[in-house]
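**Student:** Structure for the following, please:
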Amino acid sequence: MTDRIKKLRETLKERILALDGATGTALGDVANTPEPFGGEKYEGLYEALNIHSPELVLHLHKTYIDAGADIIETNTFSGSSIVLEEFGLESQTREINRRAAELACEAIKKYGDGKPLWVAGSMGPSTKTIQVTGGIDFDGVIAQYIPQILGLIEGGVDYLLVETSQDTLNIKAILQAVEAANKELGTDTPVSVSLTIETTGTMLAGQNIEAAVYTLSAFDLLYLGLNCATGPEFMTDHLRTLAELYPGFVAVVPNAGLPNTEGEYDESALQLSDTLQLFAKNGWVNLVGGCCGTTDDYIRMINEKVAQYEPRVPPKSIDKSATAGSEALILEEDNRPVLVGERTNVIGSRKFKRLVTGNRFEEAAEVGRSQARGGAGILDLCAANPDRIEVDDFLNILKPLLRKTRTPIMIDSTDSEVIEEALKNIGGRAAINSVNFEDGEEKIREVAALAKKHGAVLIVGLIDEDPDQGMAITVERKLEIAGRAFDLLTKELGFDDGEIIFDPLVFPCGTGDKNYMGSAEETILGVKAIKEKFPRSKTILGVSNVSFGLPKEGREVLNGVFLYHCIQAGLDYAIVNTTGLKRYASITEEERELCLDLLNNTRKDAIERFADFFREARPTDEAKVKNMPVKERLEYAVIEGVREDLIKNLDKALKKDDPLDIINGPLMDGMAIVGERFGANQLIIAEVLESAEVMKAAVSYLESKLPEGEKSESRGKIILATVKGDVHDIGKNLVDMILSNNGYEVINLGIKVPPAKLLEAVREHKPDIIGLSGLLVKSAQMMVATAEDLHSAGVDIPIIVGGAALTRDFTLTRISPAYDDIVFYAEDAMKGLTLCHNLQDPVERETLYESWREIQKERLEKYNKKTKVKPVTVPKENIGWREVDIPSAPDNEIHFYEPEDLDEVFSFINKKMLYGKHLGLPRPEERLTDEDDKQAQKVLKAVNRVKEEAKSGDWFKPKALYSWIDTWSKGDNLYWNYNGSSVELNLPRQQRDSFLCAADWVAPEGKGDSIVMFITTSGKEPNEIALRWKDEGRLLDSFILQVLAIESAEALAEIVHQKIRKEWGIPDKEDITLKEIFKSKYHGVRLSFGYPACPDLEDQTKLFNLLKPEKKIGVRLTSGFMMEPEASVSALVFHHPDGHYFRAE
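**Tutor:** Numbers count the residues shown, from 1 in each chain. Predicted structure coming up:
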């Protein structure tokens, strides 16, 4: 390290440094004829100015130095040989870059007045990237950049800057080119990287900022930054993530906004510097500068604005165990173990091997996508086949696999060539599976070097050279080999503890081999011992090895029990068939006992008892309707939601009828009866979803029997969307399930859909009907705006709206006039289905419009006659704080709370909400206890099934944050201090009756009062699992899981509120019941944002500023100030005994 770089590192700790501004756009303003470039042939190549017009380059550097820039970039953004080749200058690459570096060094000496200034060697992207454009490979990138790097180092740059980087694989290749150039010259010039995140939220190659940070943290960079693509505001979230994660210095170098239609940049120096000032104030940056469209005026103003702020203090470390595909995979307690997809393996999967040997690589990659959808967090890819060329097969599968999935890749090979070629094609952070000491240390050193070179993590199998017991079976041997590997990798080869994953090995426990009797228990104990001795390293097991040789029916059961106990021991990664994994909760006690006898070798006849049991096991048959004709059996299956013998009956029907006749006949007839029964209150929503599951399975099977290119006829095309600003989509997803399985083609646009996106979808898909959803009052207003925009764009398609905040009156008097036509309101999903049926029938449609127009006319007359409310003078007497004893706040810390188990949360769920409101079961509290009530018991069984799966899956983990805040009131406002200044929260006052206002429940300043703020969440994982279940056809389970997550967040809110009351010294009476808690029969009250007494959702930002839940429990605010995940609750807690719910109107 040179003295200049030492000084640069020291200065970066002392103050925020300024990079210079744009080079290309600035030079373009002065070099606007061919002459400065050396003629027309080179016009537009700014790097040519280094040779033909060096005075222009020198002058530009001077302007930035005069503006206060600390770091000057060389004029070499497009100076790689592949770009210069387009101008016939590739042979001069080294000279052009060397001259550019000399000019920058000359400028800082000539114009720097002795100040410490530095030169950065700029290296922009070339015209080709490995993952985005293709046409070049890893070694090709290295070759094209080495001449540029050599020239820059020879010209005297202090460090190299890889900027506007859009492909992490290219970055890794350039970093290797830097290493090669330094080696050739005998230098150690450091390198920095600056990423470009597009408006899509990712780099062009697909990686998001988190994945890029974890990928590049494996390399020694001077700093990591963001530049170009957008203006600074769009960079905010990405910069926040980068600043929170990266353990080195951070830079931000935005454009002057986005280019306008003329290609010019409109954001002023004041606007840009104000935003960068905010970044500096937040403590996010060590370096700032300007990219496209910025000039010396921008740099001058930026420098002035940020000078007053301290530089960012980087975190001490980053989790080095993380891997990454397009998204990062960070191992945390709440996602352990990560499931490793094992079916992309030619050794372990016959199907996969058959696809690979048949050169059907796209289909082979689909196996990986299926594993990822089935829950695999990382994919283990193995192509080792002695009859084929492994490296060719591996790459042929890998390339489409990377396109189809966002998960990290585990390179499963012992061939160094395969490993290296794979690493040259993976942009993210891979894992290498695996190395061991079987042939001594040579191989492990060779592969470890590749891992370090490419930034991969390394799996170490616990095997050594011992001729008798090379594979470690006992705990002692496992620890012995793990310790040897750990010392070699960390003390000699430079690995971080977290970059090592130990494989303690799994042996078959049911083959009768005496060597392996009890080995499963040793493996479980080995996992625990390794985690205790090497806490920052990780563990991995190939789970299914344990059941090798046993009856097929019992293998997944044994795998499930073994995995459960390994998880309890601390296992981090489990290599499993994610689509066939048996959940522990679904395994009976008898099956568990048989498995444990086998795993722990506690009975001599354990293998025989296990094998006998599962050979004799048969699925239980439900009652069949034996004497019905096959069409009636199919109709019955749909109506009753019974899947038993479904495929068998469909095959029988296919002998007489075409697939389309069966779909449009008995299946649709069955769904029609389901709709009728729901309308007559004979079925509840849970039963409707069971019927939809059967319908989905049947249609999917029948469509596979249709001639190629033919598909079932759609009843109509419908676009569904939750309106802009609203994250709630459970109701909309329910509508999607019901419509999709009643013959409609549904395009579900998701949540937070702005009118422009909806309009774009309407033009693309040309739907028959539009369905809009929204939960909050704000969403109802957004529906008015959306309807207005659609009307202005000439859209005249029928619209159906639904959601908790809507009424038919609001729809007819506010939304319909905005659309200039009738907009229909559906109270529930089945009403929506009926409306769709009617709208798609030409006769029914006209009748429907006529009847709704009559209703609208009547409603509008009443609406227009409403008198405006006159302003009310609020009486001063009887308002304000009523004096009471003020309980002391225990502290002002932010408390994290996670229940010990889900049963605690589930016990606080409001049955009326879960079973009544969401699942449609009337009088749930009395009916659920009636064992003879078949409908109630069926719903209860379904909910319990989902609960058990949630409890066993380690992905349903409600969490909470809460904190006491010293608060005072004045008028209708509450105040508290935050970061040295007071924050104001205005609360509405009732304009009638008692003129209530929640601010009256807090004492004035000086009284020592406080409130509590809290947030609870069920996390994002339940919704992700629910969507997966929906894709798998588990419609009822999917819906139950979504509503269970919502009600679990509410239940945890009750638990936390009760906990707060106790800690505040105002505990509940000892015999308080849940019913009383749900009716708020306790001391004080809690209010949530968006409801009448606390209506402004934007005020949630004040709570979020204090609790910072984004990182701690994964809850964030959308641009519309709604919480994501949807299954989250926030609230203000008041202790005052007068506190109660009221409507502020």
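**Student:** only C-alpha atoms for contact and neighbour calcs from this point on.
**Tutor:** Fine.
**Student:** quick one, strands of the stretch 701-850 of the chain?
**Tutor:** Using DSSP state E, counting those that start in this stretch, the strands found in the stretch 701-850 of the chain span residues 716-722, 744-748, 769-773, 799-802, 823-825.
**Student:** and of the ones you listed, who's closest to Leu1035?
**Tutor:** In terms of Cα to Cα, the element of the strands of the stretch 701-850 of the chain nearest to Leu1035 is strand 744-748, at 15.3 Å.
**Student:** Neighbouring strands - and their directions - for the closest one?
**Tutor:** Strand 744-748 has its sheet partners listed here by DSSP bridges as strand 716-722 (parallel).
**Student:** In the stretch 901-1050 of the chain, where is pLDDT below threshold?
**Tutor:** Low-confidence segments of the stretch 901-1050 of the chain (pLDDT under 70): 992-993.
**Student:** circling back to that earlier point, how about JSON lines for the strands of the stretch 701-850 of the chain, with distance to Arg882 and mean neighbour count added?
**Tutor:** Converted to JSON lines, those look like this (distance: least, Cα to Cα, whole Å; neighbours: other Cα atoms under 10 Å):
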{"stretch": "strand 716-722", "distance to Arg882": "43", "mean neighbour count": "24"}
{"stretch": "strand 744-748", "distance to Arg882": "51", "mean neighbour count": "19"}
{"stretch": "strand 769-773", "distance to Arg882": "42", "mean neighbour count": "24"}
{"stretch": "strand 799-802", "distance to Arg882": "42", "mean neighbour count": "24"}
{"stretch": "strand 823-825", "distance to Arg882": "45", "mean neighbour count": "24"}
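**Student:** Let me have these in CSV, extended by distance to Ser586.
**Tutor:** Formatted as CSV, the strands of the stretch 701-850 of the chain follow (distance: least, Cα to Cα, whole Å):
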stretch, distance to Ser586
strand 716-722, 35
strand 744-748, 33
strand 769-773, 36
strand 799-802, 37
strand 823-825, 42
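**Student:** and of the ones you listed, who's closest to Asp1031?
**Tutor:** Here strand 744-748 is closest among these (Cα to Cα), at 13.2 Å.
**Student:** Contacts for that closest one, please.
**Tutor:** With contact meaning Cα atoms under 8 Å, 6 or more residues apart in numbering, strand 744-748 is reached by 714-721, 736, 739-740.
**Student:** With respect to Ile1072, which of the residues you listed is nearest?
**Tutor:** Once Cα to Cα is applied, the member of the contacts of strand 744-748 that ends up nearest Ile1072 is Asp736, at 41.1 Å.
**Student:** ok, that closest one - contacts?
**Tutor:** 720, 746, 748.
**Student:** Need the phi and psi values for Pro508.
**Tutor:** phi -70, psi 130 (degrees, to the nearest 10).
**Student:** Could you find the closest non-adjacent residue to it?
**Tutor:** Once flanking residues are discounted, Pro508 sits nearest to Val546: 4.2 Å by Cα to Cα, 6 or more residues apart in numbering.
**Student:** Model confidence score at the one you found, please.
**Tutor:** On the pLDDT scale, Val546 is placed at 93.
**Student:** burial count for it?
**Tutor:** Applying other Cα atoms under 10 Å, we find 25 other residues in the vicinity of Val546.
**Student:** Touching, it and Tyr516? I think so.
**Tutor:** No - using Cα atoms under 8 Å, Val546 makes no contact with Tyr516, being 9.9 Å away.
**Student:** Overlap of the contact sets of those two?
**Tutor:** Contact with both Val546 and Tyr516 is made by residues 507-509, according to Cα under 8 Å, 6+ apart.
**Student:** Which one (most neighbours) among the residues you listed?
**Tutor:** The shared contacts of Val546 and Tyr516, ranked by neighbours (other Cα under 10 Å): first place Cys509, 26 neighbours.
**Student:** thought that residue was touching Ser547?
**Tutor:** Yes - with contact defined as Cα under 8 Å, Cys509 reaches Ser547; the gap is 6.6 Å.
**Student:** out of the strands of the stretch 701-850 of the chain, which comes closest to Glu362?
**Tutor:** With respect to Glu362, and counting by Cα to Cα, the nearest of the strands of the stretch 701-850 of the chain is strand 744-748 at 26.1 Å.
**Student:** as a whole number, average confidence for the closest one?
**Tutor:** Mean pLDDT, strand 744-748: 92.
**Student:** quick one, it and strand 769-773 angle?
**Tutor:** Here the directions of strand 744-748 and strand 769-773 differ by 50 degrees (axes from the mean of the first three to the mean of the last three Cα atoms, to 10 degrees).
**Student:** Spell out the residue ranges of the helices in the stretch 701-850 of the chain.
**Tutor:** In the stretch 701-850 of the chain, the helices defined using DSSP state H, counting those that start in this stretch lie at 730-740, 755-765, 777-792, 808-810, 816-819, 829-840, 842-865.
**Student:** Highest mean neighbour count out of those?
**Tutor:** Sort the helices of the stretch 701-850 of the chain by mean neighbour count, taking mean count of other Cα atoms under 10 Å, and helix 730-740 sits at the top with a mean of 23.
**Student:** I'd like the distance from that one to the chain centre, please.
**Tutor:** Centroid separation for helix 730-740 versus its chain: 22 Å, with Cα atoms, centre = their mean, to the nearest Å.
**Student:** C-alpha coordinates for it, PDB please?
**Tutor:** Extracted in PDB, the C-alpha atoms of helix 730-740 (Å, rounded to 0.1, in the frame of the first residue of the first chain):
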ATOM      1  CA  ILE A 730     -56.100 -11.500   0.300                       C
ATOM      2  CA  GLY A 731     -59.600 -10.700  -0.900                       C
ATOM      3  CA  LYS A 732     -58.400 -10.100  -4.400                       C
ATOM      4  CA  ASN A 733     -56.400 -13.400  -4.400                       C
ATOM      5  CA  LEU A 734     -59.600 -15.200  -3.300                       C
ATOM      6  CA  VAL A 735     -61.500 -13.700  -6.200                       C
ATOM      7  CA  ASP A 736     -58.600 -14.800  -8.500                       C
ATOM      8  CA  MET A 737     -58.900 -18.400  -7.200                       C
ATOM      9  CA  ILE A 738     -62.700 -18.500  -7.700                       C
ATOM     10  CA  LEU A 739     -62.800 -16.900 -11.100                       C
ATOM     11  CA  SER A 740     -59.800 -18.900 -12.400                       C
END
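**Student:** per-domain residue ranges of the chain.
**Tutor:** Domain segmentation of the chain under the TED database yields 3-307, 332-429, 432-618, 628-704, 717-864, 895-1134.
**Student:** Just the endpoints, please. Distance across the fourth one?
**Tutor:** This means domain 628-704. One end of domain 628-704 sits 26 Å from the other (Cα to Cα, to the nearest Å).
**Student:** pLDDT averaged over that domain - what is it?
**Tutor:** For domain 628-704, mean pLDDT is 83.
**Student:** now the angle between helix 730-740 and the helix ranked longest in the chain, please.
**Tutor:** Longest helix in the chain by number of residues (criterion: DSSP state H): helix 1035-1063. On the basis of the same axes, to 10 degrees, helix 1035-1063 is oriented at 170 degrees to helix 730-740.
**Student:** which strands and helices sit next to helix 1035-1063?
**Tutor:** Judged by 3 or more Cα pairs under 8 Å, 6 or more residues apart in numbering; DSSP states H and E, helix 1035-1063 is in contact with helix 685-703, helix 730-740, helix 902-906, helix 934-953, strand 959-966, strand 1010-1017, helix 1021-1031, strand 1128-1134.
**Student:** most packed of these?
**Tutor:** The most buried one of the helices and strands packed on helix 1035-1063 (mean count of other Cα under 10 Å) is strand 1010-1017, showing a mean of 26.
**Student:** can you pull out the helices in the stretch 301-450 of the chain?
**Tutor:** 350-357, 361-373, 390-404, 416-423, 442-454.
**Student:** Show me what the longest one is packed against.
**Tutor:** It stands for helix 390-404. Judged by 3+ Cα pairs under 8 Å, 6+ apart, the packing partners of helix 390-404 are helix 361-373, helix 416-423.
**Student:** want to throw those into a markdown table with mean neighbour count and mean pLDDT?
**Tutor:** Converted to a markdown table, these look like this (neighbours: other Cα atoms under 10 Å; pLDDT from 0 to 100):
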| stretch | mean neighbour count | mean pLDDT |
| --- | --- | --- |
| helix 361-373 | 22 | 90 |
| helix 416-423 | 19 | 97 |
